[in-house]
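Q: make a model of this:
(one chain, ligands or ions: 1)
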Amino acid sequence: MEFQKINEKINYFNQDLTDDFFEIYTKSSLLAVDTEAMGLVHGRDRLCLIQICNEDNITSCIRIEKGQTTSKNIRKLFENTEITKIFHFARFDIAALKCNLGINTQNIFCTKIASKLARTYTNKHGLKDLLNELLGVEIDKSSQCSDWGKTETYSEDQLSYAANDVKFLIPAMRELHIILKREGRYNLAKQCFATIHVHSELDIQKFVHIFEH
Ligand code: MN
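A: Down below sits the predicted model:
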């Protein structure tokens, strides 16, 4: 299996999408989303980058500045109930978007939750394993632990790795949808997706395992 490097153009923005790109994305019905932050602790580790990709493979990276608290076009896009936003482990990204930019993301599909409900024959639900099995692609996760807060420009490689995390989410969602429908678990998946914002809010407020005994 070869590492597939993105050669297509990645659009890059500071702080928000421009209005012309907002117009393009707002006509999409599917939008793959990923974010990169300084770390995993909400409130401490700021959001640094938002990556998006629509069904026409139009891929963009939006850098979030230190201290930035709003992103008008991103907010309109993510709060639009007509567009399905696809994440891998949505719980983290939803919380990061909410606590950094005040965005209440609507209409969520999480490929990690979907994978756990659909692929009960494995316990490998990380993005790398999921894409490898469903689509036969090999992605490089080496940029996961890198300094996304740096002020100098990101390297082409860094943006390429970041974009890889959204590039295959829509095809993965389609494959998972087929399995969930076939196994009669699609409704349960939708019910799970509807609770993700609750888990994100609990994470933000530092409540841990409150559903456990
Ligand atoms: Mn990522």
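
Q: what sits up against whichever helix or strand Lys128 is part of?
A: Here Lys128, judged by DSSP states H and E, is contained in helix 127-135. Helix 127-135 is contacted from outside by 1, 88, 111-112, 115, 119, 122, 124, 137-139, 141, 165, 168, 171-172, 175-176, using Cβ atoms under 8 Å, 6 or more residues apart in numbering. Quick note: C-beta positions are derived from backbone N, CA and C, even for glycine.

Q: quick check: what element follows that helix along the chain?
A: Remark: after helix 127-135, the chain's next helix or strand is helix 156-167, criterion DSSP H and E.

Q: helix or strand next in line after that next one, which one?
A: Counting by DSSP H and E, the element after helix 156-167 in chain order, helix or strand, is helix 169-182.

Q: quick one: secondary structure of Gln51?
A: Secondary structure state of Gln51, per DSSP: H, G, I helix; E, B strand; the rest coil, is strand.

Q: that one against Val33, yeah?
A: Yes: under the criterion of Cβ atoms under 8 Å, Gln51 makes contact with Val33 at 7.1 Å.

Q: show the pLDDT at the residue lying closest to His197 once chain neighbours are set aside.
A: Leaving aside its chain neighbours, His197 sits nearest to Ile94 (6.0 Å; criterion: Cβ to Cβ, 6 or more residues apart in numbering). On the pLDDT scale, Ile94 is placed at 98.

Q: and Ile94, how far from the ion?
A: Ile94 is 14 Å from the ion, where distance means Cβ to the ion, to the nearest Å.

Q: same question for Arg63.
A: Arg63 is 14 Å from the ion, by Cβ to the ion.

Q: do you know how far that residue is from Asp20?
A: As judged by Cβ to Cβ, to the nearest Å, Arg63 and Asp20 stand 18 Å apart.

Q: same thing with Ala118?
A: Taking Cβ to Cβ as the measure, Ala118 falls 37 Å from Asp20.
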